[in-house]
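Let's see this in three dimensions:
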Amino acid sequence: MTGQTYCDRLVQDTPFLTGPGRLSEQQVDKIILQLNRYYPQILSNEEAEKFRNPKVSLRVRLCDLLGHLQRSGEGHCQEFYRALYMHAQPLHCCLPSRHALGPVAFLACLGLATGLALLLYCCPPDPKVLPGARRVLGFSPVILDRHVSHLLLAFLTDDLGGF
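Predicted structure coming up:
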């Protein structure tokens, strides 16, 4: 998410946001009204009326709104995300763009998990060295991401009886 612009994020999140049952009619109306009343340069009165027209399906109106914001620029997309956070915070936390890990972060976590797994697998069964290493690794899931911690706990479960 760090290298993405708000417009890029909106392109990535549009299929999720327009999915069935994601945003209610009231939430979309509140977002449109906020963009119109607080930021009239983002949505004019005519545009707000168009995007709030109850004769058009909610999905079509939402697709049109998101397309309009993407064409309008970075600042408009950013204000949409602020409005979405205010009026649909649980949905905002589930956006695909918020959970997308960059390839470097993924490779770093994978490398760490692989290295620790190899350490545990290849480490000689010296009773003086291994228990100390297992104690240190036993606390590392507290610090590491939950995905890596599941791998560590799977390797350590059998040998922590003496811990």
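
ok, and the closest non-adjacent residue to D8?
Closest residue to D8 apart from its sequence neighbours, by Cβ to Cβ, 6 or more residues apart in numbering: S97 at 7.8 Å. Bear in mind the C-beta positions are built from the backbone N, C-alpha and C, glycine included.

pretty sure that neighbour is touching Q12, no?
Yes: using Cβ atoms under 8 Å, S97 is in contact with Q12, at 4.7 Å.

Need the residues touching each of these two.
Q4 (Cβ atoms under 8 Å, 6 or more residues apart in numbering).

Report the mean per-residue pLDDT for stretch 53-66.
The pLDDT scores in stretch 53-66 average 94.

Alpha carbons only: can I get it in PDB?
Only the C-alpha atoms of stretch 53-66 are listed here, as PDB (Å, rounded to 0.1, in the frame of the first residue of the first chain):
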ATOM      1  CA  ASN A  53     -31.000   9.100  -8.000                       C
ATOM      2  CA  PRO A  54     -33.100   6.300  -6.500                       C
ATOM      3  CA  LYS A  55     -34.400   5.300 -10.000                       C
ATOM      4  CA  VAL A  56     -30.900   3.900 -10.800                       C
ATOM      5  CA  SER A  57     -29.600   0.800  -9.100                       C
ATOM      6  CA  LEU A  58     -27.200   1.400  -6.200                       C
ATOM      7  CA  ARG A  59     -24.400  -0.600  -7.900                       C
ATOM      8  CA  VAL A  60     -24.600   1.500 -11.100                       C
ATOM      9  CA  ARG A  61     -24.600   4.700  -9.100                       C
ATOM     10  CA  LEU A  62     -21.700   3.600  -7.100                       C
ATOM     11  CA  CYS A  63     -19.700   2.500 -10.200                       C
ATOM     12  CA  ASP A  64     -20.400   5.900 -11.800                       C
ATOM     13  CA  LEU A  65     -19.300   7.700  -8.600                       C
ATOM     14  CA  LEU A  66     -16.100   5.700  -8.300                       C
END
